[in-house]
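[1] build the 3D model from these lines:
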Amino acid sequence: MTTALRVAALAFGLLALVAGGLQLWAYVASDGVRHLIVGIFAVAVGLSVFVAVGSKARGRRR
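    Here you go, the predicted structure:
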(Lines give C-alpha, C1' and ligand atoms only; values in the text may rest on other atoms or scores of the structure.)
Protein backbone atom coordinates (compact mmCIF):
# COMPACT_ATOMS: atom_id res chain seq x y z
CA MET A 1 0.00 0.00 0.00
CA THR A 2 1.50 3.32 -1.00
CA THR A 3 1.92 6.08 1.52
CA ALA A 4 -0.65 8.32 -0.18
CA LEU A 5 -3.22 5.53 -0.22
CA ARG A 6 -2.53 4.72 3.44
CA VAL A 7 -2.96 8.37 4.43
CA ALA A 8 -6.19 8.60 2.44
CA ALA A 9 -7.51 5.42 4.07
CA LEU A 10 -6.65 6.69 7.54
CA ALA A 11 -8.33 10.03 6.79
CA PHE A 12 -11.45 8.20 5.59
CA GLY A 13 -11.44 5.98 8.67
CA LEU A 14 -11.09 8.97 10.96
CA LEU A 15 -13.89 10.78 9.15
CA ALA A 16 -16.14 7.72 9.52
CA LEU A 17 -15.37 7.49 13.24
CA VAL A 18 -16.11 11.18 13.78
CA ALA A 19 -19.35 10.94 11.79
CA GLY A 20 -20.36 7.85 13.75
CA GLY A 21 -19.60 9.54 17.04
CA LEU A 22 -21.69 12.55 16.06
CA GLN A 23 -24.57 10.28 15.04
CA LEU A 24 -24.40 8.47 18.38
CA TRP A 25 -24.35 11.82 20.15
CA ALA A 26 -27.43 12.86 18.16
CA TYR A 27 -29.12 9.61 19.21
CA VAL A 28 -28.48 10.33 22.89
CA ALA A 29 -29.76 13.90 22.47
CA SER A 30 -32.90 13.11 20.46
CA ASP A 31 -33.70 9.39 20.82
CA GLY A 32 -33.91 8.98 17.05
CA VAL A 33 -33.31 5.31 16.23
CA ARG A 34 -32.03 6.28 12.77
CA HIS A 35 -29.10 8.08 14.43
CA LEU A 36 -28.22 4.92 16.37
CA ILE A 37 -28.25 2.72 13.26
CA VAL A 38 -26.21 5.14 11.14
CA GLY A 39 -23.82 5.77 14.03
CA ILE A 40 -23.11 2.09 14.60
CA PHE A 41 -22.60 1.55 10.87
CA ALA A 42 -20.21 4.52 10.55
CA VAL A 43 -18.16 3.46 13.57
CA ALA A 44 -17.94 -0.09 12.19
CA VAL A 45 -16.74 1.24 8.83
CA GLY A 46 -14.12 3.43 10.50
CA LEU A 47 -12.83 0.62 12.68
CA SER A 48 -12.68 -1.82 9.76
CA VAL A 49 -10.63 0.67 7.73
CA PHE A 50 -8.17 1.08 10.61
CA VAL A 51 -7.91 -2.70 11.04
CA ALA A 52 -7.34 -3.18 7.31
CA VAL A 53 -4.61 -0.53 7.17
CA GLY A 54 -2.99 -1.95 10.31
CA SER A 55 -3.02 -5.52 9.07
CA LYS A 56 -1.61 -4.46 5.70
CA ALA A 57 1.19 -2.52 7.42
CA ARG A 58 1.88 -5.42 9.80
CA GLY A 59 2.01 -7.92 6.95
CA ARG A 60 4.55 -5.82 5.08
CA ARG A 61 7.02 -5.81 7.99
CA ARG A 62 7.36 -9.60 8.11
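[2] quick check: mean pLDDT across whatever helix or strand I40 lives in?
    Applying DSSP states H and E as the criterion places I40 in helix 33-61. This predicted structure assigns helix 33-61 an average pLDDT of 91.
[3] in terms of secondary structure, what does it contact?
    If you count contacts as 3 or more C-beta pairs under 8 Å, 6 or more residues apart in numbering; DSSP states H and E, helix 33-61 packs onto helix 3-30. Just so you know, the C-beta spots here come from the backbone N, C-alpha and C atoms, and that holds for glycine as well.
[4] could you check the angle the helix it packs on makes with helix 33-61?
    Regarding helix 3-30 and helix 33-61, their directions subtend 150 degrees when assessed with axes from the mean of the first three to the mean of the last three C-alpha atoms, to 10 degrees.
[5] coming back round to it: can you give me the buried ones in the helix holding I40?
    Of all the residues in helix 33-61, those buried under the rule 16 or more other C-beta atoms under 10 Å are 35, 38-39, 42-43, 45-46, 49-50, 53.
[6] surely V43 and Y27 touch.
    No. Because the distance of 11.7 Å does not satisfy C-beta atoms under 8 Å, V43 is recorded as not touching Y27.
[7] what is the nearest of the buried residues of helix 33-61 to L14?
    Lowest distance from L14 to those (C-beta to C-beta) belongs to G46, with 7.0 Å.
[8] quick one: the closest one from D31, how far?
    Per C-beta to C-beta, to the nearest Å, G46 is found 23 Å from D31.
[9] return the residues in contact with G39.
    Contact partners of G39, counting by C-beta atoms under 8 Å, 6 or more residues apart in numbering, are 20-24, 26-27.
[10] centroid-nearest residue for the protein?
    Note on the chain: the residue nearest the mean C-alpha position is G46, at 1.1 Å, using C-alpha atoms, centre = their mean.
[11] so what's that residue up against?
    Contacts of G46 by C-beta under 8 Å, 6+ apart are 13-17, 19-20.
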